[in-house]
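# Give me the fold of what follows.
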Amino acid sequence: AWMRRADPSPDYPVPDAAFEPIYQTWCAYHREITDAIVEREADEALKLGLGTVLIDDGWQAPKVYGQFFGAGLPVGRYTDDFAAHVKRLHEKGLKVALWFPMTLFTDDCPIADAFRPYMLYRTSWAPYVWDPRFAARRDYILACLERAVRDWKVDGLKLDFLDTWSQGYSDSWKLAPLSGGLGGRDIADLSDGAKAVVEGLRRRLTAINPDLTIEFRQMYYGAGIIKGCTQIRVRDCPGSTREMRYGIANLRLTCGPNAVHSDPIQWGPGETDEQVADSILASIFGIGQYSVRLTGDTPSHRKLLAHWVAFAKEHRNALYRGDFRVQGLSYDAPVLVGEDKSERIVGAYVPGFVADCGAPDRRIILLNGTGGETLTVRFGAPCAGRILDLFGRETGRIDIPQGVSSVRIPRAGRIVVDAAIGSCR
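Take a look at the predicted model:
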């Protein structure tokens, strides 16, 4: 990818764990989490095939409501012993990732007095942003992250709000602009300060755990920062299957070997199975992050989740590590294609747009993410396939002619064409 060519420094190693689906707490619980709640949900997540738990905001906040950032320490409201909490999750067979608000602090956090002289500006929503051009401030934050990896044994980090540094150039709430001299800073340029943090992440944290995963978000990725992480998550797009699909497509086309993660996929117990499956299919070409109250979800939703998590694992090479293409990117990425030497997976998302499945020179799996039951497709040769519903149950068989044709598939279902014999097995 061109971003790799723009920065000749070595790539951050991307471990296999970056390509594993995740259970995420934020959309399901916000800050209303405790170690007991997370461990209970983790038990359910593991049963459904999710091997990593991402503990989002709430573990470091002494209050459920209002803003609180900056301490980097667990609070008694969440757990009395964070290392023991992580150990219990490890003993269940889960990996643990932890959210950190990298750039922010608030007046009521323990580091406020120490950080206030080094702030860059105050945001319009209350927290302050610290200036990364001060070496001591960079070292403090990196030491917090080292503690989490070394002492608590977390397996991954979600590092949030790095984009607030770039907002400091023009934010009207700026409090500490650089005017004449460095004023105690060891770096003059704000971009170089941010880059120093990213380089410190790579150097210091992988020295402790070479397989550590680090998540950045779509709002702050580019050639100068992408090598500091193992995965990029789509920007916030709750409930929008279109934005989810388009965000995944754009990131897959630009971020090279990094894993691309979905925005948290969420639903409520009142949604239909088809609505749930539509949300999952919109993100199937990215690594799924699921944020649902699993212990209160319906049996059919849980069955759907388990089915599609298993599907993504079975076909992970074609979905995530093979060749990826977008048909009609300027039309909101209506068709996504992932393939390796053995299979081609085609996701169709817009009714009426022709999904080009190519020649049946390998197994072809055609996914129906349109929200309807009719797809327009193109095949390079006549073939036959099995029709499966949203749960993966076979509902019939179909003969597909060469060229463009219309086919019927259950909503959120798929057609499987076995290319080896030109018909279904």
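# Tell me where the model's unsure across the stretch 151-300 of the chain.
168-181 (pLDDT under 70).
# what about residue 128, neighbour count?
Each residue near residue 128 was counted by other Cβ atoms under 10 Å, and the total is 26. Placement of C-beta: from N, CA and C, glycine included.
# and the residue nearest to it when sequence neighbours are not counted, how many neighbours?
Nearest non-adjacent residue to residue 128, counting by Cβ to Cβ, 6 or more residues apart in numbering: residue 119, 4.5 Å away. The local packing of residue 119 (other Cβ under 10 Å) involves 19 other residues.
# Now residue 83. Its backbone dihedrals?
Residue 83 adopts backbone torsions of phi -60, psi -40, taken as degrees, to the nearest 10.
# Would you agree it is in contact with residue 153?
Yes. Taking Cβ atoms under 8 Å as the definition, residue 83 is a contact partner of residue 153 at 6.8 Å.
# tell me, what's touching those two both at once?
Shared contacts of residue 83 and residue 153 (Cβ atoms under 8 Å, 6 or more residues apart in numbering): none.
# which residue is nearest the middle of the protein?
The residue lying closest to the centre of the chain (Cα atoms, centre = their mean) is residue 261, at 2.6 Å.
# Just list whatever residues bridge to that one.
For residue 261, the beta-bridge partners under DSSP bridges are residue 233, residue 287.
# State the distance from it to residue 153.
The gap separating residue 261 from residue 153 is 22 Å, by Cβ to Cβ, to the nearest Å.
# Repeat that for residue 401.
Separation of residue 401 from residue 153 (Cβ to Cβ) stands at 57 Å.
# Neighbour count: the two, which is higher?
In terms of neighbours (other Cβ under 10 Å), residue 153 is the more surrounded of residue 401 and residue 153; the figures are 16 against 12.
# and that one, what does it touch?
Contacts of residue 153 by Cβ under 8 Å, 6+ apart are 83, 86-87, 90, 96.
# Which one of the residues you listed is nearest to residue 193?
Among these, residue 96 lies closest to residue 193 (Cβ to Cβ), at 29.7 Å.
# SS state for the closest one?
Secondary structure state of residue 96, per DSSP: H, G, I helix; E, B strand; the rest coil, is strand.
# Identify the residues contacting it.
By Cβ under 8 Å, 6+ apart, the contact list for residue 96 reads 52-53, 55, 86, 89-90, 153-156.
# Can I get the buried ones among those as something I can paste into PyMOL?
Restricted to buried positions by 16 or more other Cβ atoms under 10 Å, the PyMOL selection for those reads:
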select buried, resi 52+53+55+86+89+153+154+155+156
